[in-house]
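[1] mind folding the following:
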Amino acid sequence: MGKVIDKMNSENPIGIMDSGMGGISVLREITKLMPNENYIFYGDSQNAPYGSKSTQEIYELTSDVVDKMLDRGVKAVVIACNTASSAAGKRLREKYPQLPIIAIEPALKPAVINCPGGTVLVLATEATLREQKFATLMETWKGRAEIIKMPLPGLPEFVERGELDSPELRKFLMGYFSKLDGKKIDGVVLGCTHYPFVRKVISELFDNKVKIFDGAAGTARQLRRRLYSRNMINTSSVRGKITWLNSSKDPYMIELSKKLYNMKLD
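    Numbers count the residues shown, from 1 in each chain. All right, here's what the predicted structure looks like:
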């Protein structure tokens with residue numbers, strides 16, 4: 001059984017969680033769309049990365065974070081982590097049927113639609129790519145483009161260190177991209193919320209000739225739809241506030257969270 005959820009009102013905050021810092025890329029899109037809402041961002045950096053853990057471990061960690069945010073009175077939860085969404089989204093909706101829970105998924109649909117008959121490279125964690133959720137998504141779209149899956153274990157840790165462009169990062173990525181043997185790639189799906197923070201580097205390594213997709217904007221729109229349907233949009237004319245939480249005891253993680261949130265990525 002899940003926690004008993006008290007009656008929500010529209011001014012309650014929205015909880016956004018990630019295995020670490022990656023979900024801040026989703027938070028940026030959400031606050032752009034709904035600036036007057038209040039937010040709690042919880043980064044589970046102490047337990048990052050989730051991508052190499054078992055499905056049950058990921059579920060337990062995600063459920064624990066959701067419980068922490070419910071204790072703070074959130075009116076909705078965004079699982080801003082592809083790995084946690086794949087492993088825990090469905091079970092958490094069953095645990096909390098009265099709570100709007102928005103999960104993210106790799107933006108394979110828009111990538112295939114925009115690259116018909118082309119080759120789409122899906123970059124994600126090992127856990128996201130092994131889960132049934134992605135297998136179902138891939139089965140739906142595989143006939144309209146060639147889809148290549150590529151796990152990138154270790155990439156989220158670069159972002160967790162705030163290392164968004166360095167010779168070591170480029171060497172790491174080229175080690176994986178060289179396995180493509182020069183194959184022409186038309187679209188790249190950033191299937192982990194950490195990856196948009198290194199979007200510029202990824203684009204440059206493909207000579208800025210690929211279309212790049214991530215699921216953050218779609219997740220933001222889905223959140224707004226769900227809140228609107230429940231009459232839970234905050235109608236305040238004042239810009240909302242963000243409360244930053246992190247499971248790590250290192251105070252730098254909160255500082256880095258704010259830095260990533262305010263960073264110009266274009």
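
[2] helix, strand or coil: sort out V189 for me.
    strand (DSSP: H, G, I helix; E, B strand; the rest coil).

[3] neighbours of it, how many?
    The number of residues packed near V189 is 27, by other Cβ atoms under 10 Å. No exception for glycine: its C-beta is placed from N, CA and C like everyone else's.

[4] how close does it get to A88?
    Distance, V189 to A88, by Cβ to Cβ, to the nearest Å: 21 Å.

[5] find the nearest non-adjacent residue to I148, please.
    Spatially, and ignoring its direct neighbours in sequence, I148 is nearest to L121 (5.0 Å; Cβ to Cβ, 6 or more residues apart in numbering).

[6] now do the SS call for the one you found.
    strand.

[7] model confidence for it, exactly?
    pLDDT recorded at L121 is 98.

[8] one more: K3?
    So K3 comes in at 63 (pLDDT).

[9] what's the nearest residue to P100 if we skip its chain neighbours?
    A76 (4.0 Å).

[10] where does the chain have low pLDDT?
    1-7, 266 (pLDDT under 70).

[11] do that again at 50, thanks
    Counting by pLDDT under 50, the chain contains low-confidence residues at 1.

[12] all strands of it, in order?
    Ranges of strands in the chain, per DSSP state E, are 14-18, 39-43, 76-79, 101-103, 119-124, 146-151, 187-190, 211-213, 242-246.

[13] now, of these, which is deepest in the fold?
    Compared across the strands of the chain, strand 14-18 shows the largest average neighbour count, a mean of 28 (mean count of other Cβ atoms under 10 Å).

[14] can you list the strands that that strand pairs with?
    strand 39-43 (parallel), strand 76-79 (parallel) (DSSP bridges).

[15] any chance of these in TSV, plus distance to I30?
    What follows is the strands paired with strand 14-18, written out as TSV (distance: least, Cβ to Cβ, whole Å):
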stretch	distance to I30
strand 39-43	7
strand 76-79	7
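
[16] so which of the ones you listed is nearest K249?
    strand 39-43 (12.6 Å; Cβ to Cβ).

[17] now do the closest one: distance to the chain's middle.
    Distance of strand 39-43 from the chain centroid (Cα atoms, centre = their mean, to the nearest Å) equals 13 Å.

[18] can you check stretch 245-253 too?
    The answer for stretch 245-253 is 19 Å, by Cα atoms, centre = their mean.

[19] pull out the buried residues from that stretch.
    L245, N246, S247, S248, M253 (16 or more other Cβ atoms under 10 Å).

[20] then stretch 219-228?
    T219, A220, Q222, L223, R224, L227.

[21] show me these that map onto helices.
    T219, A220, Q222, L223, R224, L227 (DSSP state H).

[22] of these, closest to L61?
    When these are compared for distance to L61 (Cβ to Cβ), T219 wins out at 19.8 Å.

[23] residues contacting the closest one?
    Going by Cβ atoms under 8 Å, 6 or more residues apart in numbering, T219 touches V26, E29, I30, V78, A80, I102, I104.

[24] for the fifth one, grab phi and psi.
    Right, the one you point to is A80. Torsion angles at A80 (phi, psi; degrees, to the nearest 10) stand at phi -90, psi 50.

[25] that one against G23, yeah?
    Yes: contact criterion Cβ atoms under 8 Å: A80 and G23 qualify, at 3.0 Å.

[26] so how many other residues sit close to E126?
    16.

[27] now the helices for the stretch 1-150 of the chain?
    24-33, 55-71, 82-95, 108-114, 126-130, 132-141 (DSSP state H, counting those that start in this stretch).

[28] so which of the strands paired with strand 14-18 is nearest R170?
    Taking those one by one with Cβ to Cβ, strand 39-43 is closest: 25.2 Å.

[29] which outside residues touch that closest one?
    For strand 39-43, contacts defined as Cβ under 8 Å, 6+ apart pick out 13-21, 23-24, 27, 30-31, 65, 68-69, 72, 74, 240-248, 253, 257.

[30] could you rerun that using 7 Å?
    13-18, 20-21, 23-24, 27, 31, 65, 68-69, 72, 74, 240, 242-246, 253, 257 (Cβ atoms under 7 Å, 6 or more residues apart in numbering).
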